[in-house]
Each structure stands twice: as structure tokens, then as C-alpha cells.
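Engineer: Predicted structure and sequence below. I'll ask about it afterward.
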Amino acid sequence: MKEIVIKDKQNYLIKNYPFSEIPELADRKKCIHCDSEIIVGNYKVFADESGVEYISCPNTPKCNGTVIDWFDI
Ligand SMILES: [Zn+2]
């Protein structure tokens, strides 16, 4: 997986967030993979070999959770 640098993180979320309720960058959620509280705006983006991009836990590579593992606190 290759890390992608996102310049406009809010805009990227608006375009790529998989659920209808798009969070603000300052929102906090809980990643159930690493059991940590995260700040949404610290997310990372990684692309796989076919170019599919994944919104990933800020604790990547320690955590392999993605946006679907985040829950409201
Ligand atoms: Zn995590």
C-alpha cells in the first residue's frame, strides 16, 4: 500500500467518505481496530496496487483499520 498525500482533507472526505454523514475534520471517533480515540482529520489515505484508495486509521501502520472501523464516541 502506498500512502497518498491529501491536500484538502475535508474535500477528500466529502468526495470519498463511504457513509452519508460526513464528519468534520475536528470530530472524534473511536477506531475499533486499535481501540483508540482518533481525530478524523488525522486520517491517512493509502492506495492498493489497483489504485483503490482507502481512508485509513491515523495509527496506520500500527493499526490496519479503515474508515469503516470508526464509530461515534
Ligand atoms: Zn485504528
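Structural biologist: Perfect, I can see it now. Residues are numbered from 1 along each chain as shown.
Engineer: where does the protein dip in pLDDT?
Structural biologist: Scanning the chain with the threshold set as pLDDT under 70 gives no residue ranges.
Engineer: got the residue ranges for the helices in it?
Structural biologist: Taking DSSP state H as the test, the helices found in the chain are 9-16.
Engineer: That one against the ion: which residues are in contact?
Structural biologist: 31, 33, 34, 57, 59, 63, 65 (C-beta under 5 Å from the ion). Heads up, the C-betas are built off the backbone N, CA and C, glycines and all.
Engineer: I figured the second one was touching residue 69, is that so?
Structural biologist: Yes - between residue 33 and residue 69 there is a contact under C-beta atoms under 8 Å: 4.8 Å.
Engineer: Show me the common contact partners of those two, please.
Structural biologist: Taking C-beta atoms under 8 Å, 6 or more residues apart in numbering as the contact rule, residue 33 and residue 69 both touch residue 57.
Engineer: thinking again about what came up before, which one (most neighbours) among the residues of the chain next to the ion?
Structural biologist: Most neighbours among the residues of the chain next to the ion, by other C-beta atoms under 10 Å: residue 57, with 25 neighbours.
Engineer: Does that one touch residue 46 like I think?
Structural biologist: No - using C-beta under 8 Å, residue 57 makes no contact with residue 46, being 10.3 Å away.
Engineer: hmm, back to that, so can I have a markdown table of the residues of the chain next to the ion showing distance to residue 50?
Structural biologist: What follows is those, written out as a markdown table (distance: C-beta to C-beta, whole Å):
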| residue | distance to residue 50 |
| --- | --- |
| 31 | 25 |
| 33 | 23 |
| 34 | 26 |
| 57 | 21 |
| 59 | 24 |
| 63 | 23 |
| 65 | 21 |
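Engineer: Out of the residues you listed, which comes closest to residue 5?
Structural biologist: Ranked by distance to residue 5 (C-beta to C-beta), these are led by residue 57 at 16.7 Å.
Engineer: Next one: the closest residue in space to residue 24 that isn't next to it in sequence from the ion, what distance?
Structural biologist: Leaving aside its sequence neighbours, residue 24 sits nearest to residue 40 (C-beta to C-beta, 6 or more residues apart in numbering; 6.9 Å). Distance, residue 40 to the ion, using C-beta to the ion, to the nearest Å: 12 Å.
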